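Enquirer: with the sequence up front, the predicted model follows.
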Amino acid sequence: MTDSLHPPATILIVDDNPKNVQVLGTILMDAKYRVAVAHQGNLVFDLIPKVKPDLLLLDIMMPDIDGFEVCKHLKADSLTRDLPIIFLTAKTETDDIVKGFELGASDFITKPFRSKELLARVQTHLTLMRLQQSLKTKNQELEEALSNIKTLSGLLPICSYCKRIRNASGEWEWLEAFVQKRSNASFSHGICPECSQTHFPDESCDNLDE
C-alpha cells in the first residue's frame with residue numbers, strides 16, 4: 001500500500017517478459033503506485049532521469065545486459081546509488097543472491113512471486129529510503145547549524161571605540177547585529193554599574209544615597 005503522508009511512489013519495472021510486466025504493473029497500479037517500464041536493461045539509464053523512479057524491480061536474466069550489470073552501473077553513479085533495487089529472479093542459488101547483495105541490491109523476490117509479498121517488500125524499502133533521506137536532511141541541517149556556530153570563532157576585528165565588528169565582506173556591523181545573524185542569541189539592553197556612574201553620575205549618586 002502507498003503511504004498517505006507521501007505522494008504515490010514511482011516503480012520502474014525492468015523486465016523483457018511482457019507477461020511479467022503486465023502482472024507486475026497490475027499489482028502495483030492496484031496498490032496506487034505509479035509504474036514505468038523498461039523492456040531492456042540498456043534502456044534504464046536514459047529512462048531514470050525522465051521518470052525519476054523511487055524503486056526498481058529488476059529482472060536478472062535479460063538478453064542485452066543482465067540485471068547484475070544494470071545494478072552495478074547504477075550503484076557506481078552518485079545520482080542513482082541510493083535508489084533501492086529489488087531483483088526479480090528465478091535464480092535461487094546462494095552465489096547469485098550473494099552477488100546481488102554485493103552489487104548493492106536491496107532485496108530479492110523469486111519467481112513466481114506472490115502479490116502480498118511483493119507489495120510488502122516494496123513498501124518496506126520505500127519506507128527505509130524515506131527514513132534515510134530524512135536522516136540525511138537532518139544531518140545536513142545539523143552541519144549547517146554547526147557551521148553557523150563556527151563562524152563566531154576565530155579572530156574577529158572589532159573597533160576599539162565603537163565596538164563594531166568587521167564582517168567577511170569588509171563591512172562594519174554593530175556587535176548585536178553581527179551575533180544575531182550568526183546564532184540564535186537575542187539581546188535585551190540595560191546599563192552596568194560602571195557605565196551608570198560614568199554617564200549618569202547624578203542619578204548614580206542619588207541611587208547610592210537612597
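Expert: Now that the structure is in, tell me what you want to look at.
Enquirer: pop the domain breakdown of the chain in here.
Expert: 10-142, 165-209 (automatic domain parsing).
Enquirer: need these in TSV with mean pLDDT, mean neighbour count and distance to L156, can you?
Expert: Bear in mind the C-beta positions are built from the backbone N, C-alpha and C, glycine included. Shown next, in TSV, are the domains of the chain (pLDDT from 0 to 100; neighbours: other C-beta atoms under 10 Å; distance: least, C-beta to C-beta, whole Å):
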stretch	mean pLDDT	mean neighbour count	distance to L156
domain 10-142	91	16	24
domain 165-209	74	11	5
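Enquirer: could you dump the ones you listed to a markdown table with distance to C159?
Expert: What follows is the domains of the chain, written out as a markdown table (distance: least, C-beta to C-beta, whole Å):
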| stretch | distance to C159 |
| --- | --- |
| domain 10-142 | 34 |
| domain 165-209 | 7 |
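Enquirer: same for the helix or strand harbouring L131, what does it pack against?
Expert: Element membership for L131, per DSSP states H and E: helix 115-150. Under the contact definition 3 or more C-beta pairs under 8 Å, 6 or more residues apart in numbering; DSSP states H and E, helix 115-150 sits against helix 18-30, strand 55-59, strand 85-89, strand 107-110.
Enquirer: which residues sit against the following helix or strand past that helix?
Expert: Going down the chain from helix 115-150, the next helix or strand is strand 165-166, by DSSP H and E. Residues from elsewhere that reach strand 165-166 (C-beta atoms under 8 Å, 6 or more residues apart in numbering): 156-159, 172-175, 178.
Enquirer: how much space separates the residue minimising distance to the centre of the chain from Q40?
Expert: Geometric centre of the chain, nearest residue: Q133, 3.2 Å, by C-alpha atoms, centre = their mean. According to C-beta to C-beta, to the nearest Å, Q133 and Q40 sit 29 Å apart.
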